[in-house]
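Peer 1: next comes the sequence, and after it the predicted model I'd like to discuss.
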Amino acid sequence: MKYILDFEKLVPGDIILESGNSKFSPVIKTITDSIYSHAMIYVGHSIIHALTDGVYSTNPQRVLTDDPKGLKVLRLKSPLTEQARNTVVNYARNLSGSIYSVPEASLSAVLGKTRKSSASRQQFCSRLVAHSYRQIGVSIANNPDYCTPEDINRSAKLNEITGVLKPADEQEVAFAESDNPIRENQRRMFLWLNQTREVFAKRKIEIQTESDVASFLMKNNDLDGLVCEFIKDSEYLEHYDYDKDVNPHRYEIKALLEKCSSAEHALEVFFGEINKEPSEIARHSNSYFLSGLNFIHLGLEYHKLHKQLYRNLLLMSHDRLVVLCQLAEIFRQPKLAEYCNYQTNYIQRII
């Protein structure tokens, strides 16, 4: 029996501890006297975490465990305001692309009991989670710079949330173990980011995230063309097409109907898909607006490329919603069809 997170019971900002099965997991668990070796943060239909190849996102539906005790969800005892939750979530999201530091992580079991701070901007799993909460003035560990998953597990600021695991059915296991298009997107991002890091390092500038690139290009605009070549060569800007190849049912009504075994299953698929779209549209429309504004203000090709990227991502949401609208109409759900049309009309207005 395998178990999976019931992500409908999660709220953005929830912390997920995992027993883990990486090559470092047994060592971490032994040193920290814990059953957990990994910490992640749920940001809404996605999880942000740091592994040895860097910081990136993953789908919570891809997190499986053989042991129901192998996953644990923690939530802040004091309810978060919407503003505070957004601060935590956005900070974690913006760390995507950061470099993982094995040496820094290795010091946590010892330095976690001290107040020693770190000058490093590199990440590891529990630091990422603790730093995200530090942005709102909440310390979930004695030392947010050096902490372990077990330090977070024992935090007096957090409560365990029960009932968030469920047995995974065959379809859920198959999906969790299938090829992950997000990993391909991360591979492309790290490809151009690593090349950009090397160029900026020659000017003694440290690049960790995409936000760093945008910030430092303002004073190093002579590198704009070179960085944009890195981005285009990595095919990062074309990743939106990759999802169409991996998940054709999201873009073709015939493929979606073939995926549905019954009317009940069709509605289940519908709600699984439709619930993702509002937050995606909100994030991408905001990024589309800011990229356009930055391009007008700074004239950098970097922002022009990103404006086009977010436009394409919004168009993908539009295409997915059109298919969902067709599904709702086939199963005579006019309110659901209207809900889809409202969002497609919004996208059309802003782009």
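Peer 2: Structure received. Residues are numbered from 1 along each chain as shown.
Peer 1: doesn't residue 199 make contact with residue 226?
Peer 2: Yes - Residue 226 is within contact range of residue 199, at 6.4 Å (criterion: Cβ atoms under 8 Å). To be clear about C-beta, it is placed using only N, CA and C from the backbone, and glycine gets the same treatment.
Peer 1: if you count surrounding residues, which of these two has more?
Peer 2: Each of residue 226 and residue 199 has its neighbours counted (other Cβ atoms under 10 Å); residue 199 has more, 15 against 12.
Peer 1: what's near enough to touch the more buried one?
Peer 2: 223, 226, 227 (Cβ atoms under 8 Å, 6 or more residues apart in numbering).
Peer 1: isn't the last one up against residue 196?
Peer 2: Going back to what we said before, that points to residue 227. Yes - taking Cβ under 8 Å as the definition, residue 227 is a contact partner of residue 196 at 5.3 Å.
Peer 1: return every residue with contacts to both of these two.
Peer 2: Common contacts of residue 227 and residue 196, defined by Cβ under 8 Å, 6+ apart, comprise residue 213.
Peer 1: and these two? which has more neighbours close in?
Peer 2: Ranked by neighbour count (other Cβ under 10 Å), residue 227 and residue 196 place residue 227 first, with 25 against 22.
Peer 1: can you name the helix or strand that the more buried one falls in?
Peer 2: helix 224-234 (DSSP states H and E).
Peer 1: tell me which of the contacts of residue 199 is nearest to residue 53?
Peer 2: Nearest to residue 53 among these, counting by Cβ to Cβ, is residue 227 at 21.7 Å.
Peer 1: roughly how far apart are the closest one and residue 141?
Peer 2: Taking Cβ to Cβ, to the nearest Å as the measure, residue 227 and residue 141 are separated by 36 Å.
Peer 1: on the three-state scheme, residue 171 is what?
Peer 2: helix (DSSP: H, G, I helix; E, B strand; the rest coil).
Peer 1: for residue 48, that is, sorry about that
Peer 2: Taking three-state DSSP, the label given to residue 48 is strand.
Peer 1: with adjacent residues omitted, what lies nearest to it?
Peer 2: Using Cβ to Cβ, 6 or more residues apart in numbering and skipping the chain neighbours, the partner closest in space to residue 48 is residue 92 (4.3 Å).
Peer 1: the one you found: neighbouring residues, count only.
Peer 2: Count around residue 92 with other Cβ under 10 Å applied: 28.
Peer 1: ok, residue 83 next?
Peer 2: Neighbours around residue 83, by other Cβ under 10 Å: 8.
Peer 1: pLDDT (mean, whole number) over the helix or strand hosting it?
Peer 2: With elements taken from DSSP H and E, the one containing residue 83 is helix 82-94. Averaged across helix 82-94, pLDDT comes to 96.
Peer 1: any residues touching it, and which ones?
Peer 2: 11-13, 41, 43-44, 48, 57, 80, 128-129, 131-133, 135-136, 209-211.
Peer 1: give me the distance from that helix to the chain's centre.
Peer 2: Offset of helix 82-94 from its chain centre (Cα atoms, centre = their mean, to the nearest Å): 12 Å.
Peer 1: what's downstream of it, the next helix or strand?
Peer 2: Following helix 82-94 toward the C-terminus (DSSP H and E): helix 102-106.
Peer 1: what's the nearest residue to the residue most central in space within the chain if we skip its chain neighbours?
Peer 2: Central residue of the chain (Cα atoms, centre = their mean): residue 57, 3.2 Å from the mean position. Distances taken as Cβ to Cβ, 6+ apart place residue 46 nearest to residue 57, at 4.7 Å, with adjacent residues excluded.
Peer 1: ok, that neighbour touching residue 58?
Peer 2: Yes - here residue 46 lies in contact with residue 58, judged by Cβ under 8 Å, at a distance of 7.2 Å.
Peer 1: compare those two (neighbour count), which wins?
Peer 2: Using other Cβ under 10 Å as the criterion, residue 46 and residue 58 rank with residue 46 on top: 21 against 17.
Peer 1: need the contact list for the residue nearest to residue 57.
Peer 2: Residues counted as contacts of residue 46 (Cβ under 8 Å, 6+ apart) are 57, 58, 59, 60.
Peer 1: where's the second one relative to residue 343, distance?
Peer 2: According to Cβ to Cβ, residue 58 stands 25 Å off from residue 343.
Peer 1: on that earlier part again, skip ahead from the helix holding residue 227 and say which helix or strand is next.
Peer 2: helix 239-246.
Peer 1: run the chain-centre distance for whatever helix or strand comes next after that next one.
Peer 2: Downstream of helix 239-246, the first helix or strand assigned by DSSP H and E is helix 253-259. Centroid separation for helix 253-259 versus its chain: 27 Å, with Cα atoms, centre = their mean.
Peer 1: great, nothing more from me.
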